[in-house]
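> What follows is a protein structure lacking sequence information:
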């Protein structure tokens, strides 16, 4: 860009700052979001470096989990930033249509207008990046402290060097701004000179050719995933439910000018004949299709992404619960008291009313050629696990699980690609061992892990791996009540918890749901906060774009109350349309996961429950509606004064 165009870009930003204020706020918030996630990811490496050789296996495991969680968080945050900033820059071009038309009228070419808009986006981005990074830098330490206080880790995370967030967030902010303004600049270049003479512009609802291509490609991707998940593992459907919402949201926005205004008008249908404000709001939304679609964008994005993940995780918990019921044969489960694990197991084994006790022991083993990959494994006694936990092989034979052998779950096969006959290198008893995979077992994470090693191979490690749970099988003919009485008597003094199989399954499922909700809050918390800012920002900008219409209505005799109700109707209808599209996306992906889960357990004879997390879903709806209405009221206050005094 030549110096003259650069200078003109700075001048137009100064004179048109009200139009760019929303874009500045959205981009600065996005930079804060990106910088914060960079600090979180960087803190893991900084903490590991600080611990050095003092880091335990448990600490390594915690940090690995945090890396995965923060990675997903950063991906969602970046998507939301690009999505919201792109919609906001679209507002700017729509607001300045007559101004850009005037430039064309005095001789500016389309490419010059395009470079001008891109130059303005760079000017706005420079200021937003500096402000965003300045806000994010002092936030690093409090955010890391919050991560520890809420129980995500018990480690004191070390904040990375401040330059790391600046080095990544600053260029990312510039790129996000350019990506967001790119489509808007193309649209600006096509504004005809006659736009300077128009009091009103009819916005085209037909998608452009690039939008049609991108939208069709996204829909084809969704259709392909739908077909593939029909006979896939539930894990694949779960991953799809995390990735596909973004693809569907992009497709919806490509066809948004066709869908959102018409859907908003359909929602207004029951009210438009009774309330003139609802009718005015409906007509304005149908005329300003781009503005309507852009205001609905953050609502569609957050409701689709958050709703889909909530439903998918809930149905996945139902799946693991059904797996437990299908495989668990032991009618009693004991959780030994701390420090009494060996004592509890010995007392149960010696009790004459108990046929066998199957102890679940888990510990960490180093895998890989270099022995740096830490994975959790289960030490398995095939004889007891087959009877108590229903352990069985879908491929291979568990009879071969002895010596330097291993069994893996179907989930592990998908994750690692190592199946029956494959080899795993692990450090066992201080020596590298080549383990042969002799069996593949069904996935049942509550009953056993993804990698199973024979108890005789890891006998030296079992003393340091106390049993988490003891699955108790009474002698044949012993009723459950009598067995519980006998087991309780045997466990006296061990501070152990005795549960029936159903009580244990319910308790484990509840723990999984709490853990899922907690993890989802961490994953979506920053993006949700950013989406809240975006909803308010988009609603306020949309209100400013309707200033001329409100002035005209004021001249025609509209009262302040009518103008306020029109603004509220517009916010409610746009938000409602966004929530409907987000809800349909959530329902579709929930059905996708549900279908796969049901098919996976079809041969077990166990009914798969369906638990819908209504409370969090309703909270998302109420938050979006409340924020949009509050922003609409705030925006209407200023517009009413201008409309009635003009």
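Nice, thanks for sending it over. Since the structure is predicted, the reported quantities are computational estimates derived from the model, not experimental observations. Residues are numbered from 1 along each chain as shown.
> I'd like to know how many residues surround the residue nearest to residue 326 when sequence neighbours are not counted.
Spatial nearest neighbour of residue 326, excluding adjacent residues (C-beta to C-beta, 6 or more residues apart in numbering): residue 604 at 3.9 Å. All C-beta spots, glycine's among them, are computed from the backbone N, C-alpha and C. Other residues within reach of residue 604, judged by other C-beta atoms under 10 Å, total 15.
> Repeat that for residue 525.
Neighbours around residue 525, by other C-beta under 10 Å: 12.
> OK, contacts around it?
By C-beta atoms under 8 Å, 6 or more residues apart in numbering, the contact set of residue 525 is empty.
> Pull up the gap between it and residue 511, please.
Distance of residue 525 to residue 511, computed by C-beta to C-beta, to the nearest Å: 21 Å.
> what does residue 454 give?
28 Å.
> Check residue 619 too.
22 Å.
> got it, and residue 589?
24 Å.
> picking up where we left off before, between residue 454 and residue 511, who's got more neighbours?
Taking neighbours as other C-beta under 10 Å, residue 454 and residue 511 compare with residue 454 leading, 22 against 12.
> Phi, psi for the more buried one please.
According to degrees, to the nearest 10, the main-chain angles of residue 454 amount to phi -70, psi 140.
> mind listing what it touches?
Applying C-beta under 8 Å, 6+ apart, the residues near residue 454 are 379, 380, 382, 401, 402, 403, 405.
> Who is the first one paired with across the strands?
Read it as residue 379. residue 361, residue 453 (DSSP bridges).
> go on, the last one?
Taking DSSP bridges, one obtains residue 436 as the residues bridged to residue 405.
> In this structure it contacts residue 436, no?
Yes: using C-beta atoms under 8 Å, residue 405 is in contact with residue 436, at 5.4 Å.
> so where do the helices sit in the stretch 301-450 of the chain?
Counting by DSSP state H, counting those that start in this stretch, the stretch 301-450 of the chain has helices at residues 341-350, 382-388, 410-416.
> Same list (those) but as a markdown table, adding distance to residue 369, mean neighbour count and mean pLDDT.
Output for the helices of the stretch 301-450 of the chain, formatted as a markdown table (distance: least, C-beta to C-beta, whole Å; neighbours: other C-beta atoms under 10 Å; pLDDT from 0 to 100):
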| stretch | distance to residue 369 | mean neighbour count | mean pLDDT |
| --- | --- | --- | --- |
| helix 341-350 | 34 | 18 | 85 |
| helix 382-388 | 28 | 19 | 91 |
| helix 410-416 | 14 | 18 | 81 |
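> For residue 11, find the nearest of those helices.
helix 410-416 (55.7 Å; C-beta to C-beta).
> other SSEs contacting the closest one?
helix 234-254, strand 431-441 (3 or more C-beta pairs under 8 Å, 6 or more residues apart in numbering; DSSP states H and E).
> re earlier: settle it for me: which of residue 405 and residue 436 has more neighbours?
Shown here are residue 405 and residue 436; by other C-beta under 10 Å, residue 405 has more neighbours (19 against 15).
> what residues are up against that one?
Per C-beta under 8 Å, 6+ apart, neighbours of residue 405: 435, 436, 437, 438, 454, 457.
> Please apply the same query to residue 241.
Residue 241 neighbours (C-beta under 8 Å, 6+ apart): 308, 309, 311, 312, 589, 590, 592, 593.
> Roughly how far does it sit from residue 32?
Distance of residue 241 to residue 32, given as C-beta to C-beta: 28 Å.
> what do you get for residue 519?
22 Å.
> go on, residue 524?
Applying C-beta to C-beta, the value for residue 524 to residue 32 is 16 Å.
> who has more neighbours, these two?
residue 32 (28 against 22).
> That one: what's it in contact with?
Counting by C-beta under 8 Å, 6+ apart, residue 32 touches 132, 135, 136, 139.
> host element of the third one?
Using DSSP states H and E, the element containing residue 136 is helix 110-149.
> Determine the set of other helices and strands touching that helix.
helix 3-15, helix 17-51, helix 57-95, helix 97-105, helix 162-189.
> And the ones you listed: which comes nearest residue 396?
So among these, helix 57-95 is nearest, using C-beta to C-beta, at 28.3 Å.
> That closest one - what's its average pLDDT?
Averaged over helix 57-95, pLDDT sits at 73.
> show me where pLDDT drops low in the stretch 301-450 of the chain?
For the stretch 301-450 of the chain, applying pLDDT under 70 flags the ranges 371.
> before we move on, the earlier item: got the angle between the helix holding residue 136 and helix 57-95?
Angle of helix 110-149 versus helix 57-95, following axes from the mean of the first three to the mean of the last three C-alpha atoms, to 10 degrees, is 150 degrees.
> what comes up buried for helix 110-149?
113-126, 128-129, 131-133, 136-137, 140, 143-144, 147 (16 or more other C-beta atoms under 10 Å).
> Pick the one among the contacts of residue 241 closest to residue 77.
Once C-beta to C-beta is applied, the member of the contacts of residue 241 that ends up nearest residue 77 is residue 309, at 14.3 Å.
> nearest residue to that closest one other than its sequence neighbours?
residue 520 (5.9 Å).
> and the one you found, how many neighbours?
So residue 520, with other C-beta under 10 Å, has 18 neighbours.
> is it true that it touches residue 312?
No: judged on C-beta under 8 Å, residue 520 makes no contact with residue 312 at a distance of 9.9 Å.
> residues making contact with stretch 334-350?
354, 357, 359, 466-470, 472, 487, 490-491, 494-499.
> Which strand or helix spans the nearest residue to residue 247 once chain neighbours are set aside?
Leaving out its chain neighbours, the residue that sits closest to residue 247 by C-beta to C-beta, 6+ apart is residue 218, at 4.9 Å. Assigned by DSSP H and E, residue 218 belongs to helix 209-228.
> just checking, what packs against that helix?
The contact analysis (3+ C-beta pairs under 8 Å, 6+ apart) places helix 209-228 against helix 234-254.
> Can you name the next helix or strand after the helix it packs on?
Moving toward the C-terminus from helix 234-254, the next helix or strand (DSSP H and E) is helix 256-272.
> Tell me which residues are up against that following helix.
Contacts to helix 256-272, defined as C-beta under 8 Å, 6+ apart, come from residues 203-207, 252, 278-279, 281-282, 285-286, 289-290, 292-293, 296-297, 300, 569, 573-574, 576-578, 580-581.
> Only the buried subset of those, as a PyMOL command please.
Under the burial definition 16+ other C-beta under 10 Å, those of these that qualify are selected in PyMOL by:
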select buried, resi 203+205+207+252+278+279+281+282+285+286+289+290+292+293+296+297+300+569+573+574+576+577+578+580+581
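> Looking at the contacts of helix 256-272, which are in helices?
252, 278-279, 281-282, 285-286, 289-290, 292-293, 296-297, 300, 569, 573-574, 576-578, 580-581 (DSSP state H).
> Verify the stated contact: residue 598 with residue 608.
Yes: here residue 598 reaches residue 608: they are 5.4 Å apart, a contact under C-beta under 8 Å.
> Tell me which of the two has more neighbours.
For residue 598 versus residue 608, the count of surrounding residues by other C-beta under 10 Å is larger for residue 608: 20 against 17.
> Show me the strands in the stretch 351-500 of the chain, by range?
354-367, 373-380, 395-396, 405-409, 423-428, 431-441, 451-454, 469-474, 497-500 (DSSP state E, counting those that start in this stretch).
> need the ones you listed in a markdown table with distance to residue 82, can you?
Formatted as a markdown table, the strands of the stretch 351-500 of the chain follow (distance: least, C-beta to C-beta, whole Å):
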| stretch | distance to residue 82 |
| --- | --- |
| strand 354-367 | 37 |
| strand 373-380 | 33 |
| strand 395-396 | 43 |
| strand 405-409 | 37 |
| strand 423-428 | 40 |
| strand 431-441 | 41 |
| strand 451-454 | 38 |
| strand 469-474 | 46 |
| strand 497-500 | 48 |
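> how about those, which one is nearest residue 166?
strand 373-380 (32.2 Å).
> Appreciated, that's everything.
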